[in-house]
Structures are given as structure tokens and as C-alpha cells.
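Asker: give me the fold of what follows.
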Amino acid sequence: MPRTSPSSPAVVVDDLSFAWPDGVPVLDHLSCTFPTARTGLVGANGSGKSTLLRLIAGELRPDAGTVRAVGTVGFVHQQVAERADATVADLLGIAPLRSALRAIEAGSLEPAHFDTLGDAWDIEPRAVGVLQALGLDAGDDLLDRPATSLSGGQATQVALAGAQLAGWDVTLLDEPTNNLDARSRARVYDAVSGWPGVLIVVSHDRELLERVEAIVDLDARGVRTFGGPFSEYRAYRDQLQAAAERQLRDADADLARAKAQARAEVEREQQRNRSARRERAKGNVSKGAADYFANRSEKNSGSKSQLHSAALERAGAARAEADAAARTADPIRVDLPDTTVPAGKQVLGLEVGGIRLDLVGPERIRLTGANGSGKSTLLAWALGDLEVGEPDAYPASVLGDARIATPVGVPVGWLRQRTDELDRFDTVLEAVRDAAPDRTPHEARALLARFQLTRDAPLQPPSTLSGGERFRVALARVLFADPAPQLLVLDEPTNNLDLDSVDQLVSALADYRGALIVVTHDDHLAGALEVHREWHVEPGPRITDRIA
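Answerer: Numbers count the residues shown, from 1 in each chain. Alright, predicted model coming up:
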């Protein structure tokens, strides 16, 4: 059973409904509470997690229902440096305080400036101290530097530091560890573990979700609230699933018994009618007696029929309810016989920083390294997507003395971080067939069905799909290619996937018999994919080849 929530509610969502202007519903009569604690908000792609954060923050207005929060609310978005003119001070959220401080120092006596500054007279040295703790070079111009001068990981950390400086009563974080390297993630984990106020964080990062004190799951079968970290919630959810499946088996048995009893009663009634007709034909029963027994039989039969119909209806309803409770997404499993790579076949050979790297046979390689170390650059170059010195591309110095010793010797399927290329197609079916024009629409539909994209999904524009659905389309497109890929490259595949979709990705690749390179900071994914070796990239570049 779930533990009691850590304390009283900090945010109360009551009968909340919200739809986009085009009428697409996102949340429908949602009611839930968030405790005065650190809470992980989880759920499938498209369940409305980020939208709910925006409603709590007041950025969106509900169509119906209410959202009540205790005290001030602040929101740190996924993309924290969207404004081209934003500075580091803007990311920290202290720009208004600095403006008020400058006005006062210039002699202003406006009460508004003093009200804005409050007690934060030391905001600049405190902010610089926070940034120094993050490892940033704290020069005189640090707070005025463009936010775009920071890496994605640095920008996220600065925004989190700003949230702590702001001291909001309720802080909302949306996927704070996306695109972060291991060191940056560790800093976010530490920040979350010691968060001083109420925190609600949307994340698919299992390590981060172990730092929270409660879980709110926007499950399609109803919102679930659990007091405890994600691993305990997952165990509890598995118990509920096992109980639901037992209930479904019992309901199936009850329905089968009810049907058998109804069939048996029909057969008995038919036997009685045949016997009565034979007796009347022999003249053993008078007409009056026959009519009497016929009427009585008809009444008894009608009564029993109503009883059996009611029993069948009850058993059917119970079975439908049990089925809904037990229903889970079907796993994605794709038979890919043409992807097999012989054990001794040379797939790729590189020389980087004096180190020889060979990918042979159906090996699985994990590519790691800090943000900005050159992983994506090295990958693009090795796969022939980047020429050293190419104009407007990465500088040749990033690759150093790296050279391709053995070009890629097999068909390649590259699943990039972004799925923007799907938006140039009018339908999902068109996007998939583009990868293999000679294959029939029926073959494309059959593959999409194995990726749980059925009914109207193949005819939908890719832009209308959730992040997880788009990823499945992109994966289907790669695997559907002709010839089939014998080297599959995945670049941060879990950044936009919910937890169940990550499990589905692992399931989909269980039968893949080709070589695999995966760029990921997700230890759980690397373990589940059973990688054999790890290539760790450092600037220069230098690469360490080690057993995973």
C-alpha cells in the first residue's frame, strides 16, 4: 500500500480541464494534490505533464476547474535560454533586483526600487558565489555575459541556482537533466536532494526520481499519488498490475461459467420441449394438460432466461472493468532478420588520439563524454555526415588527428536526437514509406502496427503525435529502410521519452542482431541494452576504450 503523503497539500488541482485552441483535449476533469515535499510528476508522453506545470504556474488558464498553490510559484522550463538577448543574470532571475540596486546607487529614492530590492542588498556577491560553486569563471562581467555563451548543462544549472536564490514557495522543474552529462546531472541530483522548499519535477530520469519524496502519476486509468521514491512506486504499481491481472483471470473464469450455465439451460429447455412434443404425438397427454404444461414451461423458461441474462451481463461488466484495470501497452517487438551482422565482420574502424577503435560484428558500444567533448561531432564525421574543415560545420580542431581507418562497411540507420525531419511529411505512412519506396503501404502499416501505431495513426500528420509516438515513427522509419540497417546509431534516444516508452525501446531492440552505437548519459538504458564496451570521449579528442 502507498505510504502516507509527507505532509499537507502545497498544490491542489480540482476538476481541471484544458484543451488547446484547436480543440485537442489535454486534461479532462483532473483532480490531484501535491504535498509539501519534493514530488516527481510522471506519466506517458502526451498525458499533459508539462501542460499541468504551466497551469500551476499561471502561464495557461484552465477551461474548467481550479488550481490552488500555497505561496509564490516559480517555473524553470526545459529550454532555459530561449531569448537571444538573455544574460546570465536573466537566467538567475536577478535582473530586476540588479536594476533596482543600480537605480538606488545612482541616487533614486523611488519606493518601488526599494520594494523590488527588499533585503537583497548582497544579491550580486551571493549570485557570483553560487556561480563559482557551479565551476563557472566568475569574472567581473559574469552576470552580464550572454546566456547563449553557456552550454546547455551550464544554463540549466544556472537556472536552478536562480530558483534557489529566488526562494519560491513552490518550484516547478520540467525535465531538468535532459542533455546533461554525468557531472552536470550529479549536481542537479544534489540540488534536488537538498531542495529547501516545495518542488514538483517532471522527469523520466530514474536516478533523479529516487531523490523525491512522493510520486504523482498521470496514468490513463486515473491519477495515482504515492508517498515515496520512484523505485518504491514502481514496485507498488507492479503489485497493482499483478492483482488486476489476477482479477481479470477470475473475471474470465466467471464469464465462462455464466456462458456455460446459460448454454446448458438452453439445451435442457430444448430437450424438455422435444420430450413434450413426442408425448403429444403419441397421444399420452390431453390438449388441456399440454397447454398447461407448455404455459408453465414457458414461464419457467422466461424466468430462468432472465436470470442467466442478468448473470451474463454482470459477468461481462466485471470482465470489462477488470480488463480496463489490467490493460497495459503491448510491447514493441520487431522481427529483423536482415540486420544480422556476422561475428567477425569489421563494421567500423577509427584512430583517435593514437587509439585504435574497432567495431566488429554485432557489438554494442556506448559513447559517453562531457557536454561539449565532441561526441556528436565525432559521430557525424565517422558516419560520413561531416567533412573535416567543412564550411559552417564544426571546426577541424575538434577532431584533432582523428582518422577513419576502416569506413563503415554495412548499411547504417541513424536515429538523431531531434525528429524535426518528420514534419516535412503529410502523414506517418508517407514518412515511413519514404525510407523504403519499393515497399507496399500494407507492409508499412504492418510495421507501424508492431510499433503500436494503429487505427488512424498512419494517416495522421506527424506534428499531431506525442513525443513518444514521434520517436516510434522515427525508429520504424530507420528500421523499415531498404536495405535494413546493420549498424544502428542512437543519439540520446531517451531525452523525450517517458519511462514506459524507454522500456518499449529496449523491448523493440531485443531482437536486433546488428551492431549498435548509443550516445547516452542514462546508465539504466545502457544496462538494459546490454552494451559491451564504452568509448569515452574527452576534448582533443581523446578516447578511452573500456569494457562496459
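Asker: which residues does F230 contact?
Answerer: The contact partners of F230, by CB atoms under 8 Å, 6 or more residues apart in numbering, come to G40, V42, R206, L209, E210, V212, I215. Using the backbone N, CA and C atoms, a C-beta is placed for each residue, glycine as well.
Asker: ok, 10 Å please
Answerer: Contact analysis of F230 by CB atoms under 10 Å, 6 or more residues apart in numbering lists 40, 42, 203-212, 215, 217, 237, 499.
Asker: repeat that for D181.
Answerer: S151, G152, G153, T368, G369, A370, N371, G372, S373, K375, H521.
Asker: what is the nearest of these to I56?
Answerer: G152 (24.6 Å; CB to CB).
Asker: need the pLDDT of that closest one.
Answerer: On pLDDT, G152 comes in at 68.
Asker: can you give me the strands in the stretch 201-350 of the chain?
Answerer: Assigned by DSSP state E, counting those that start in this stretch, the stretch 201-350 of the chain shows strands spanning 214-219, 222-227, 346-352.
Asker: so where does E430 fall, helix or strand?
Answerer: Element membership of E430 [criterion: DSSP states H and E] is helix 428-434.
Asker: right, and the helix or strand after that helix?
Answerer: Heading C-terminal from helix 428-434, the first helix or strand you meet, by DSSP H and E, is helix 441-450.
Asker: after that following helix comes which helix or strand?
Answerer: helix 467-479.
Asker: run the chain-centre distance for that next one.
Answerer: Relative to its chain's centre, helix 467-479 lies at 13 Å (CA atoms, centre = their mean, to the nearest Å).
Asker: elements contacting that helix?
Answerer: strand 412-415, helix 428-434, helix 441-450, strand 487-491, helix 499-508 (3 or more CB pairs under 10 Å, 6 or more residues apart in numbering; DSSP states H and E).
Asker: with respect to T87, which of these lies nearest?
Answerer: Of these, nearest to T87 by CB to CB is strand 487-491, at 30.3 Å.
Asker: just the C-alphas of the closest one, formatted as PDB.
Answerer: C-alpha atoms of strand 487-491 as PDB (Å, rounded to 0.1, in the frame of the first residue of the first chain):
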ATOM      1  CA  LEU A 487      24.700  -0.600 -37.800                       C
ATOM      2  CA  LEU A 488      22.100   1.300 -35.700                       C
ATOM      3  CA  VAL A 489      23.100   4.600 -34.100                       C
ATOM      4  CA  LEU A 490      21.000   6.200 -31.300                       C
ATOM      5  CA  ASP A 491      21.900   9.700 -30.200                       C
END
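Asker: about what we covered before: tabulate the strands of the stretch 201-350 of the chain (a markdown table), appending mean pLDDT and mean neighbour count.
Answerer: Formatted as a markdown table, those follow (pLDDT from 0 to 100; neighbours: other CB atoms under 10 Å):
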| stretch | mean pLDDT | mean neighbour count |
| --- | --- | --- |
| strand 214-219 | 91 | 22 |
| strand 222-227 | 88 | 16 |
| strand 346-352 | 87 | 20 |
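Asker: could I get these as TSV with distance to P111?
Answerer: Listed next are the strands of the stretch 201-350 of the chain as TSV, based on distance: least, CB to CB, whole Å:
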stretch	distance to P111
strand 214-219	41
strand 222-227	44
strand 346-352	62
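Asker: any idea which of those strands gets closest to Q261?
Answerer: Nearest of these to Q261, taken as CB to CB: strand 222-227 at 33.4 Å.
Asker: just give me how far the closest one sits from the chain centre.
Answerer: Distance, stretch centre to chain centre, for strand 222-227: 17 Å (CA atoms, centre = their mean).
Asker: now stretch 177-185
Answerer: Mean-position distance between stretch 177-185 and its chain equals 17 Å (CA atoms, centre = their mean).
Asker: do the same with stretch 434-444
Answerer: 28 Å.
Asker: now do stretch 448-457
Answerer: With CA atoms, centre = their mean as the basis, stretch 448-457 stands 18 Å off its chain's centre.
Asker: in it, what counts as buried?
Answerer: Under the neighbour-count criterion of 16 or more other CB atoms under 10 Å, stretch 448-457 has L448, R450, F451, Q452, L453, A457 buried.
Asker: how about the first one: what's its closest non-neighbour residue?
Answerer: Across the structure, with CB to CB, 6 or more residues apart in numbering as the measure, the residue nearest L448 apart from its sequence neighbours is P458 (5.3 Å).
Asker: need the pLDDT of the one you found.
Answerer: Per-residue confidence at P458 stands at 90 (pLDDT).
Asker: that one contacts E443, correct?
Answerer: No: the criterion here is CB atoms under 10 Å, and P458 misses it with E443 at 11.8 Å.
Asker: now do the shared contacts for those two.
Answerer: Counting by CB under 10 Å, 6+ apart, the shared contacts of P458 and E443 are V432, R433.
Asker: same list (the helices and strands packed on helix 467-479) but as JSON lines, adding distance to L479 and mean pLDDT.
Answerer: Formatted as JSON lines, those follow (distance: least, CB to CB, whole Å; pLDDT from 0 to 100):
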{"stretch": "strand 412-415", "distance to L479": "7", "mean pLDDT": "88"}
{"stretch": "helix 428-434", "distance to L479": "10", "mean pLDDT": "92"}
{"stretch": "helix 441-450", "distance to L479": "8", "mean pLDDT": "87"}
{"stretch": "strand 487-491", "distance to L479": "8", "mean pLDDT": "90"}
{"stretch": "helix 499-508", "distance to L479": "8", "mean pLDDT": "79"}
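Asker: any chance of these in CSV with distance to R542 as columns?
Answerer: Below are the helices and strands packed on helix 467-479 laid out as CSV (distance: least, CB to CB, whole Å):
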stretch, distance to R542
strand 412-415, 24
helix 428-434, 39
helix 441-450, 41
strand 487-491, 21
helix 499-508, 30
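Asker: which one of these lies nearest to T340?
Answerer: Distance to T340, taken as CB to CB, is lowest for strand 487-491 among those, at 12.1 Å.
Asker: what angle separates that closest one from helix 467-479?
Answerer: If you take axes from the mean of the first three to the mean of the last three CA atoms, to 10 degrees, strand 487-491 sits at 160 degrees to helix 467-479.
Asker: which other helices and strands contact strand 487-491?
Answerer: Applying 3+ CB pairs under 10 Å, 6+ apart, one finds that strand 487-491 contacts strand 364-369, helix 375-382, strand 412-415, helix 467-479, strand 515-519.
Asker: for that strand, which residues meet the burial criterion?
Answerer: Going by neighbour count (16+ other CB under 10 Å), the buried part of strand 487-491 is L487, L488, V489, L490, D491.
Asker: the second one bridge partners, please.
Answerer: Listed by DSSP bridges, the beta-bridge partners for L488 are G413, L516.
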